[in-house]
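Undergrad: sequence unknown, structure follows:
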């Protein structure tokens, strides 16, 4: 049985969305036991398909990162404790990212050999394959050694979870030539090109992130944050402007009706919610962070990601990769 | 008379596009003398409205940055020389960015007091106002002092060229709180908040760059490159996918016809080509870099930007700002 701890609270949509996702997930996957932590009164509906653990407190989106460790009754901390005491092999939450990254790092601790954890997430690509990018902001500053470990962890994900042979690993940089990059990136480049177990393909410019050229893209947490937020901002702006254009007149509304199904395919290609969310890699346990504005379907995909990461033994595989250099 | 040196060569579309742009510009602006540098045989058509200076060599997009200084017969170097010897007050080129940034920095030299130049460009915003962002990649690494000077130069642009009173200046960061940012960004924050002559408004996340919240956004060249290229990549992907969706069937083509005019407004809002290009600020002369894939209209806007920067005395104004702290 695969056991997953679910923090039912703290998302924008509240626990009702989690209830829907859990029902759908339990109906599809049979080798799973879900431990759902949150206000028990809001979770009655799923008490027959999941183990409910009552938690009176909820971490807010604005609460400071370290706050989670003091909030003993919070659903996030209680769900994390289920992984610490080995009841569950992984946790899935849609709560505060800052609180989760800090809480999971401190409570779960690092996989032996890993110096820093990283926030990793799949991005959609033009060819539909997807690419995994890390670090997207768990760190503010990184060393070349951190980046090399991120490359190895991303490689484990692409190879073991996505089943891609010999994944193409790139460094995000300000140019594609070998001599480009931040000082930290340049040093990481020199180490990575000597790593025989990685298919390191060099530097990649930010404009090629969504092209499908790479399987794994490695960057420091600061640059990763700029990348992620720029993408979020530009795609949500495009969405708003398109909607505005289509709603302009009777004529454009008619045009929308004629193109709607084709546009749905377009939107799906760019929808990073299909992946459910990201994960904190490097810690001793599977730690998945669903999007804060998740709906039931997105959260379902986040539970599925947690499930696949546990089943694919990503934590053990990263441990192995560290041992074998 | 405002005198502008124009490098007619080196863009993707070649000199024909420059010829069109020059004709259009000369027909509109009467207080301008254009010195067009390039293969004279390709520029005959405009010899009656502009001064043609023959240059046998063209800087390629792939030529190394320092190459430009050795290529005495290149149109880019010859055009730069017109600014160095004070024949012209500014230069406009659609040639290689790397060659231009290096060539302009070394040949034109810095405005007294300026430590580093920056590549600055206006971006479109949701509210249609636009925002100016720097440094977009002239530098690989910056100090807090560089960022503070970038803020002052961006402020001059917003205030003197765009005529915005009390421009809102932000630092690009990985969070909006004061304690967020790279080590360099955090130090710059502390200096900027004490600058009485700047309306410094704090940190801005990358997802808000296009929102219209800021008039000036300051970042180090590495982060700026990630920001610029991510935007370019995501917007060109959206364009391709939209086109694909509209061309899918007879029905979607019909839908496109009905929405075309509304969609043109949408595309225009996101089209950074309306600004013509970016500029290297901090050097002794106006140095405008048009987009490499400029068409005649884009290049026309780039010449207009050069004209406005000279007329607005941006170089002198930056010099003043440096003197007055």
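TA: Structure's in. What do you need? All figures in this text were calculated on a predicted structure; none of them were measured in a lab.
Undergrad: residue A:153 belongs to a strand?
TA: No: under DSSP: H, G, I helix; E, B strand; the rest coil, residue A:153 falls outside any strand and is assigned helix.
Undergrad: what's the distance between it and residue A:115?
TA: 11 Å (Cβ to Cβ, to the nearest Å). The C-beta positions use only the backbone N, C-alpha and C, and glycine is treated the same way.
Undergrad: which of these two has more residues huddled nearby?
TA: residue A:153 (26 against 13; other Cβ atoms under 10 Å in any protein chain shown).
Undergrad: now do that one against chain B, distance only.
TA: 21 Å (Cβ to the nearest Cβ, to the nearest Å).
Undergrad: list the residues that contact the residue nearest to residue A:103 when sequence neighbours are not counted.
TA: Nearest residue to residue A:103 in three dimensions, chain neighbours excluded: residue A:68, at 4.1 Å (Cβ to Cβ, 6 or more residues apart in numbering or on different chains). With contact set as Cβ atoms under 8 Å, 6 or more residues apart in numbering or on different chains, residue A:68 has these partners: A:59, A:74, A:76, A:77, A:96, A:99, A:100, A:102, A:103.
Undergrad: list the contacts of the fifth one.
TA: Pointing back at residue A:96 there. A:10, A:59, A:60, A:61, A:62, A:63, A:68, A:76, A:292.
Undergrad: leaving out sequence neighbours, find the closest residue to the fourth one.
TA: This means residue A:61. Nearest to residue A:61 is residue A:96, by Cβ to Cβ, 6+ apart, at 5.0 Å.
Undergrad: three-state assignment of residue A:204?
TA: Applying three-state DSSP: residue A:204 is strand.
Undergrad: report the separation between it and residue A:321.
TA: Counting by Cβ to Cβ - residue A:204 and residue A:321 are separated by 22 Å.
Undergrad: which one of those two has more residues nearby?
TA: Neighbours per residue (other Cβ under 10 Å) separate residue A:204 from residue A:321, with residue A:204 holding more: 24 against 21.
Undergrad: so what's that one bridging to?
TA: Beta-bridge partners for residue A:204, by DSSP bridges, are residue A:172.
Undergrad: hang on, it packs against residue A:214?
TA: Yes: here residue A:204 reaches residue A:214: they are 5.8 Å apart, a contact under Cβ atoms under 8 Å.
Undergrad: need the overlap of contacts for the two.
TA: With Cβ under 8 Å, 6+ apart, residue A:204 and residue A:214 have common neighbours residue A:170.
Undergrad: once you drop chain neighbours, what's closest to the residue in the stretch 51-200 of chain A positioned nearest to chain B?
TA: Per Cβ to the nearest Cβ, residue A:174 is where the stretch 51-200 of chain A lies closest to chain B, at 3.9 Å. Nearest in space to residue A:174, with sequence neighbours left out and distances taken as Cβ to Cβ, 6+ apart, is residue B:225 at 3.9 Å.
Undergrad: OK, contacts around residue A:71?
TA: By Cβ under 8 Å, 6+ apart, the residues touching residue A:71 are A:57, A:59, A:63, A:77.
Undergrad: tell me the pLDDT at the residue of the stretch 51-200 of chain A closest to chain B?
TA: The confidence metric pLDDT takes the value 93 at residue A:174.
Undergrad: same check, this time on the one 4 residues further on
TA: pLDDT recorded at residue A:178 is 92.
Undergrad: that one: neighbour count?
TA: Counted with other Cβ under 10 Å, residue A:178 comes out at 13.
Undergrad: with residue A:56 instead?
TA: Residue A:56, neighbours per other Cβ under 10 Å, totals 13.
Undergrad: what of residue A:183?
TA: 11.
Undergrad: not counting sequence-adjacent ones, nearest residue to it?
TA: Nearest to residue A:183 is residue B:141, by Cβ to Cβ, 6+ apart, at 6.4 Å.
Undergrad: go on, residue A:238?
TA: Nearest one to residue A:238, counting by Cβ to Cβ, 6+ apart, is residue B:238 at 5.2 Å.
Undergrad: which strand or helix spans the one you found?
TA: helix B:221-246 (DSSP states H and E).
Undergrad: what does residue A:213 give?
TA: Counting by DSSP H and E, residue A:213 is found in no helix or strand.
Undergrad: roughly how far does it sit from residue B:243?
TA: Counting by Cβ to Cβ - residue A:213 and residue B:243 are separated by 21 Å.
Undergrad: if I look at the spatially closest residue to residue A:258 that is not a sequence neighbour, what pLDDT would I see?
TA: The spatially closest residue to residue A:258, leaving aside those adjacent along the chain, is residue B:255, at 3.1 Å (Cβ to Cβ, 6+ apart). Residue B:255 is assigned 89 on the pLDDT scale.
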